[in-house]
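Enquirer: Turn this into a model:
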Amino acid sequence: MKKSKLTDHELVQQFIDGKQSSFEILIARHKDKVYTYILLMVKNEHLAQDIFQETFIKVVKSLHAGKYQENGKLISWIIRIAHNLIIDHFRKEKQMKICSNDDYESDIFNSPRFSDNTVEDDIIYDQVMSDVRELVDLLPDEQKEVIVLRHFSGLSFKEIADQTNVSINTALGRMRYALINLRKLVEEKNLILSFG
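Expert: Residues are numbered from 1 along each chain as shown. Next up is the predicted model:
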């Protein structure tokens, strides 16, 4: 069986048994979601790269220490580690607010992997995503977090609730208020968020 066809659990077991290449497959499989989540939270490419590396170092140590319990949600566990490292970083910096958008040159939404086929589509998409990102940044931290976890990291509400240590109803409530606030902001700013 090809390694790329193996489940996360099988790859974790192989890695624990000493096969380094299995962990490389896991990183390749999950790096985009993890890095995107970190970057959207810290808004600084260099800091995001540092926390990304620190996350996978901690994942390796935790796997070898037997701290991962197989539940079919390896990506949620990895993102929870990244989330905790982000919080630790901001605690150390004695600030709990997100870094300014001016702290890094390139915008995650200007990445080619988010682009459409035509130049016109690309320009429209970039503008809409830039507008959405600015609006999300205006939300309270708890609402911003649930938007990022749900729509950018693809987590379920149960995973979001587990990761943020709240009930599913609280996570759903935060999403509801985030969407209400985003709608108000769109109206206030007279934005047209459309790709067509």
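
Enquirer: the helices in the protein, which residues?
Expert: 8-16, 20-42, 45-64, 74-92, 119-137, 141-147, 157-164, 168-189 (DSSP state H).

Enquirer: now those helices as JSON lines including mean pLDDT and mean neighbour count?
Expert: For the C-beta atoms, the positions are set from N, CA and C on the backbone; glycine is no exception. JSON lines is the format used below for the helices of the chain (pLDDT from 0 to 100; neighbours: other CB atoms under 10 Å):
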{"stretch": "helix 8-16", "mean pLDDT": "89", "mean neighbour count": "17"}
{"stretch": "helix 20-42", "mean pLDDT": "89", "mean neighbour count": "18"}
{"stretch": "helix 45-64", "mean pLDDT": "90", "mean neighbour count": "16"}
{"stretch": "helix 74-92", "mean pLDDT": "85", "mean neighbour count": "18"}
{"stretch": "helix 119-137", "mean pLDDT": "66", "mean neighbour count": "15"}
{"stretch": "helix 141-147", "mean pLDDT": "87", "mean neighbour count": "19"}
{"stretch": "helix 157-164", "mean pLDDT": "87", "mean neighbour count": "19"}
{"stretch": "helix 168-189", "mean pLDDT": "84", "mean neighbour count": "15"}
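
Enquirer: Pull the contacting residues for the residue nearest the centre of the chain.
Expert: Nearest residue to the geometric centre of the chain (CA atoms, centre = their mean): residue 37, 1.7 Å. Residues counted as contacts of residue 37 (CB atoms under 8 Å, 6 or more residues apart in numbering) are 79, 82-83, 148-149, 152-153.
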